[in-house]
Every structure is written in structure tokens, then in C-alpha cells.
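J.: Kindly return the folded structure for what I paste below:
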Amino acid sequence: MKPPIILMIESNGEAVELARFALWRNNFHCLLQWYDEADAAIERLLRSRRQDGDHELPDLIFLDPGMMENNGLDFIQAMKSGRATRAVSIIVFPDSDYPPAMPELIEAGAVEYLLKPDSSQQYMEVVVDRARRWSKRRRRRAATSGNAGQDGGTGS
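T.: Numbering: from 1, shown residues only. Predicted structure coming up:
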């Protein structure tokens with residue numbers, strides 16, 4: 001079984017390295033990818049995928065909405081409208097000084113809106129907890145639909 005792919009769309013490289021360390025320290029085997037520019041993430045996940053469908057999608061995206069126009073709403077809607085991309089779990093993960101309530105992001109399809117904790121220890125715990133929870137959930141769905149396809153079902 002391949003390790004899950006976790007993508008962080010995050011402008012703070014130190015936050016990404018802290019997440020990488022937390023995952024390693026907790027023996028959570030995954031491929032952690034990072035975009036520090038929202039446009040590059042959009043290009044890779046949405047536009048280039050349409051042209052070249054062999055890119056593997058992440059199992060989970062940690063999205064810093066402060067990097068994106070419209071707080072990431074357009075990005076989430078685009079991800080949820082694509083047949084291949086709609087199953088990707090997106091956690092909106094803003095800095096703690098960001099507005100605490102963004103119900104439209106959840107309504108658009110984000111699985112969670114979670115302010116980044118201020119302490120490094122809490123930040124690491126949250127990243128590992130969410131990585132375990134959401135990547136496991138998607139992998140279970142993928143295995144189920146894969147089995148349905150093998151058993152003669154449609155498996156979509």
C-alpha cells in the first residue's frame with residue numbers, strides 16, 4: 001500500500017517543516033508536498049490535471065486561506081466540482097489571527113475549519129491527528145470503490 005499524500009498550501013516554510021517533523025516523529029509514513037504559492041497549487045491540481053491526468057492526487061490538503069483570493073472558496077469549489085478531485089479532503093488551516101468563522105468554506109466542501117494553534121507542540125499534535133483521521137478515511141473509500149470494481153460493480 002502506498003503512503004498517503006498530504007499537500008500543504010502554506011506560505012510559512014517553518015510551519016511546513018514543523019509538520020514534516022511531527023509526522024516523522026510520530027512514525028506517520030506519508031509523502032508531504034508543499035506549495036508556497038496558491039497559483040502553483042491551483043495549476044497543478046486543477047489545470048494541468050485536465051491536460052495530463054497521470055498526476056496522483058493528495059489524500060489530504062491543509063489549506064491556508066490567507067494565500068488565496070476569496071479565502072480559498074473558489075479553490076474548494078473547483079476541487080469539489082471535479083470528478084477526480086472531489087474526494088480529496090480539504091482542511092482550511094488559517095493562522096490563529098484569521099477570522100474564526102468561515103461557514104461558506106465548509107458549505108463549499110472543506111471537511112474542517114481549524115485555526116492553527118499558537119504553540120508548536122499543539123500544532124504538531126493537530127497536524128498528526130488530522131493526517132491520521134482524514135487520510136485514513138479517503139484510503140478506506142478508495143479501497144472500497146476499488147473492491148467494487150473488482151467484484152463487477154461500477155466502483156465510481
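J.: Name the surrounding residues that touch the helix or strand containing residue 17.
T.: Using DSSP states H and E, residue 17 sits in helix 13-25. Outside helix 13-25, the residues that touch it by CB atoms under 8 Å, 6 or more residues apart in numbering are 6, 8, 10, 30, 32, 34, 36, 62, 116, 120, 123-125, 127-128, 131. Any C-beta I mention is one placed from the backbone N, CA and C, and that applies to glycine too.
J.: Quick one: mean pLDDT over it.
T.: What helix 13-25 shows for mean pLDDT is 96.
J.: continuing past it, what's the next helix or strand?
T.: Going down the chain from helix 13-25, the next helix or strand is strand 31-35, by DSSP H and E.
J.: now that next one, how far from the centre of its chain.
T.: Put simply, strand 31-35 sits 10 Å off its chain's centre (CA atoms, centre = their mean, to the nearest Å).
J.: Sheet partners, orientation included, of it?
T.: Here strand 31-35 is paired, per DSSP bridges, with strand 5-9 (parallel).
J.: The strand it pairs with vs helix 13-25, what angle?
T.: Here strand 5-9 points in a direction 160 degrees away from that of helix 13-25 (axes from the mean of the first three to the mean of the last three CA atoms, to 10 degrees).
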